[in-house]
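J.: What follows is a predicted structure for the sequence shown.
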Amino acid sequence: SGVNFALLGYCWMKSKYDFASGIVVHSNTVAMLLVSFALGFTGVFHMANMVHTVGLIVGVIWGFTSARRSLTR
């Protein structure tokens, strides 16, 4: 499930900064991701918070870096 958060973070950054990539993530999907992430920390969802946090951070950094590299080419 941490990989899912990483993948969504990656796609989120690519869709936001690299329009030519063809990856599109709707804003409602991002909102749902962030709400479920926040609910995990409140105890509403019982999930591995550290795994999801690291996955999301890695995905966002990877997607942002990849988008920036695509723009400089």
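T.: Yep, that arrived.

J.: drop to CA atoms for contacts and neighbour counts, all remaining ones
T.: Noted.

J.: separation between residue 51 and residue 45?
T.: Residue 51 is 14 Å from residue 45, where distance means Cα to Cα, to the nearest Å.

J.: With residue 71 instead?
T.: Counting by Cα to Cα, the gap from residue 71 to residue 45 is 38 Å.

J.: Check residue 18 too.
T.: When residue 18 is compared with residue 45 (using Cα to Cα), they lie 33 Å apart.

J.: If you count surrounding residues, which of the two has more?
T.: residue 18 (21 against 13; other Cα atoms under 10 Å).

J.: Please verify my assumption that the more buried one contacts residue 63.
T.: No. Counting by Cα atoms under 8 Å, residue 63 is not a contact partner of residue 18; they are 9.2 Å apart.

J.: so where's this protein shaky on pLDDT?
T.: The chain contains residues with pLDDT under 70 at 73.

J.: what sits against the residue most central in space within the chain?
T.: The centre of the chain sits closest to residue 9, judged by Cα atoms, centre = their mean, with a distance of 1.3 Å. Contact analysis of residue 9 by Cα atoms under 8 Å, 6 or more residues apart in numbering lists 56, 57, 58, 59, 60, 63.
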